[in-house]
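> pasted the sequence and its predicted model underneath.
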Amino acid sequence: MTQLSTLHVRSINHRVAPTAVREQAHIEPEQAVALMNALVGGPEQEAAVRGCLSVIPVSTCNRTEIYLEILEGHDPDAVMGAGLAAVGLDADLYHSEYALRLNGLEAIEHLYKVSSGLESMMLGEPQIAGQLKTAYRLAREHQEPGPGLLRAFQGAFRAGKRVRTETRIATGAVSVAFAAVELARKFFDHLCDQNAVLVGAGETGGLAARHFLQHNIGQLTVVNRSYDRAQTLAQTLMAEKKAGLGRSAREGAAELQALPELEEGCGQIAARPWEELIPALAAADVILTTTGATEPIILPAMVEEAISGRKGKPLFMLDIAVPRDIHPDVHQIAGVFVFGLDDLDEIIQGNLSAREHQIPRAEEIIREELVEFQQWLNDVDLRPTVAEFRAYLEELKDKQVGFVRKKQNDEVAAAVDRSLQQFIKKVVGRSVSTLKAAESREQRERDLATLHRIFGIGDQD
């Protein structure tokens, strides 16, 4: 008979746990494999802990979650705790105030919301869907997930895709780096015709550079006090451009997608030393500053010198540094447009509000997908017996058709085959309807046992 199981998740995430606890709970890929082997067993070893049908650990910077399919009659917390202890991980964290413990359909609803970006620190971010798929692939490489978790994760991927395609929950800049580029795109009709200068080679600047490249900036020049760092960032961006966004971008930018096919002549990348900052400004249309300087590094005299030969061509400047990189008096220079963090925050808050308006529709999609999962779950115990019953009838049909074929021609045998196929369809359909209509789970189990006994199918436990 079918082994009955229950589904659970134990989560330590940004909503319930501070950074220090999330760091303590983090599970590296090799530790995830060890945990799977302890709970389910590896290719050449038995499980060290009994009661777990399958497990899928998911660990990112904002969450560590352990999804479990536990055989009925076993305590999920005891099973998981023994598995964590067996591989040297801290089981006590999952019994603390920082842990979220969900069971049954609530666990699956949580998984669907995670996949859809509703549980993310950045509402609607698509990065988590890829991280879930990575964890799912790793789990499948080292075990055969139970039918419940298998179906749950496949449903989560479908729900997430529907939310991202049927709503606008993942659109619009909600990071400073992306908002800076979005503002530049409103200022210029075609970024491929523009030259951008990035002043500073830190993480935020690098992320903004990737967004500029994603949106077909014509030329991107990196200027930094350390010319080596400017060159390193330029080389990294060039390598990522050739490969579509690289590992560093995927990990650091939830809003980034794989680079599209760049327009011809766009996406040129270079580095210049600090001494050439003024000539770099003079050649730029867009300037993005994000250094760690303690006082302004771009002064009015520098900007006036840079624009002297621009023949009235405007200069668009974005200052996303704290403290500010651009002196306040630069605002007064004709033809120069300076925007800061306050301007970008207005864009971000507007986009966040727009995303939040998409939540009701996203939740409606998740409810629809959960209904489908619940229907599947209600009938999961029927499938093995029904499949065996169908196979039993198919075997009888094949024998009968074979007998007819010996006595009659192929046309008659084919007609008999078609007739018996319709017969099997009706018998199986009626049987399934009767099993589904059982008044209780106990009645359904008795009906399944009767089907097994009468036709001699399956295991005789």
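Nice, I can see it. What you see is a predicted model; the values in this text were computed from it and never measured.
> and for the protein, the residue most distant from the center?
In the chain, the residue that sits farthest from the middle, by Cα atoms, centre = their mean, is K407; the gap is 60.4 Å.
> A strand includes V163, no?
No: per DSSP: H, G, I helix; E, B strand; the rest coil, V163 lies outside any strand segment and is helix.
> buried stuff in stretch 408-425?
Across stretch 408-425, burial judged by 16 or more other Cβ atoms under 10 Å covers 413, 416-417, 420, 424. To be clear about C-beta, it is placed using only N, CA and C from the backbone, and glycine gets the same treatment.
> and if you look at stretch 22-32?
22, 25, 27, 31-32.
> rounded mean pLDDT for it, please.
Mean pLDDT, stretch 22-32: 94.
> what is the end-to-end distance of that stretch?
16 Å (Cα to Cα, to the nearest Å).
> can you pull the buried residues of stretch 367-378?
In stretch 367-378, counting by 16+ other Cβ under 10 Å, buried: 369-370, 373, 377.
> turn those residues into a markdown table, columns for secondary structure.
What follows is the buried residues of stretch 367-378, written out as a markdown table (three-state DSSP):
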| residue | secondary structure |
| --- | --- |
| E369 | helix |
| L370 | helix |
| F373 | helix |
| L377 | helix |
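> so which of these is the closest to P57?
The closest of the buried residues of stretch 367-378 to P57 turns out to be F373 (Cβ to Cβ; 21.1 Å).
> ok, P314 touching V336?
Yes: assessed by Cβ atoms under 8 Å, P314 is found in contact with V336 at 7.3 Å.
> check the offset of stretch 227-244 from the chain's centre.
26 Å (Cα atoms, centre = their mean, to the nearest Å).
> P328: how many residues sit nearby?
Neighbourhood size, P328 [other Cβ atoms under 10 Å]: 11.
> ok, back up a step: just the buried residues of stretch 408-425: which are in helices?
Taking DSSP state H as the definition of helices, those contribute 413, 416-417, 420, 424.
> so can I have TSV of these showing distance to A179?
Below are these laid out as TSV (distance: Cβ to Cβ, whole Å):
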residue	distance to A179
A413	71
V416	71
D417	66
L420	66
I424	62
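> what bits of the stretch 351-461 of the chain have low per-residue confidence?
380-387, 432, 435, 438-439, 441, 444, 448, 457-461 (pLDDT under 70).
> rerun at 50
Along the stretch 351-461 of the chain, the parts satisfying pLDDT under 50 run over 459-461.
> now the residue nearest the centre of the chain. Nearest residue, chain neighbours left out?
Taking Cα atoms, centre = their mean, the centroid of the chain lies closest to A129, which sits 1.2 Å from it. Nearest non-adjacent residue to A129, counting by Cβ to Cβ, 6 or more residues apart in numbering: G160, 4.8 Å away.
> the helix or strand containing the one you found - contacts with which helices or strands?
Element membership for G160, per DSSP states H and E: helix 147-166. Counting contacts by 3 or more Cβ pairs under 8 Å, 6 or more residues apart in numbering; DSSP states H and E, helix 147-166 is packed against strand 5-13, strand 52-59, strand 63-71, helix 105-116, helix 127-142, helix 359-378.
> and which of the buried residues of stretch 408-425 is nearest E388?
I424 (13.2 Å).
> count the neighbours of the residue nearest to A129 for me.
G160, neighbours per other Cβ under 10 Å, totals 28.
> close enough to count as contact, it and S115?
Yes: taking Cβ under 8 Å as the definition, G160 is a contact partner of S115 at 3.6 Å.
> overlap in contacts, the two.
The overlap between the contact sets of G160 and S115 (Cβ atoms under 8 Å, 6 or more residues apart in numbering) consists of 129, 132.
> can you count the residues close to the closest residue to E304 other than its chain neighbours?
Take E304 and drop its neighbours on the chain: the residue closest to it by Cβ to Cβ, 6+ apart is I333, 6.2 Å away. Residues within reach of I333, counting by other Cβ under 10 Å, total 16.
> roughly how far does the residue nearest to A129 sit from L149?
Separation of G160 from L149 (Cβ to Cβ, to the nearest Å): 16 Å.
> L341 too?
44 Å.
> higher neighbour count, the two?
When L341 and L149 are compared for neighbours, L149 comes out ahead with 24 against 17, by other Cβ under 10 Å.
> check contacts around that one.
Contacts of L149 by Cβ under 8 Å, 6+ apart are 7, 53-56, 67-69.
> what's the answer for N13, then?
Each residue near N13 by Cβ under 8 Å, 6+ apart is listed here: 22, 62-65, 100, 119.
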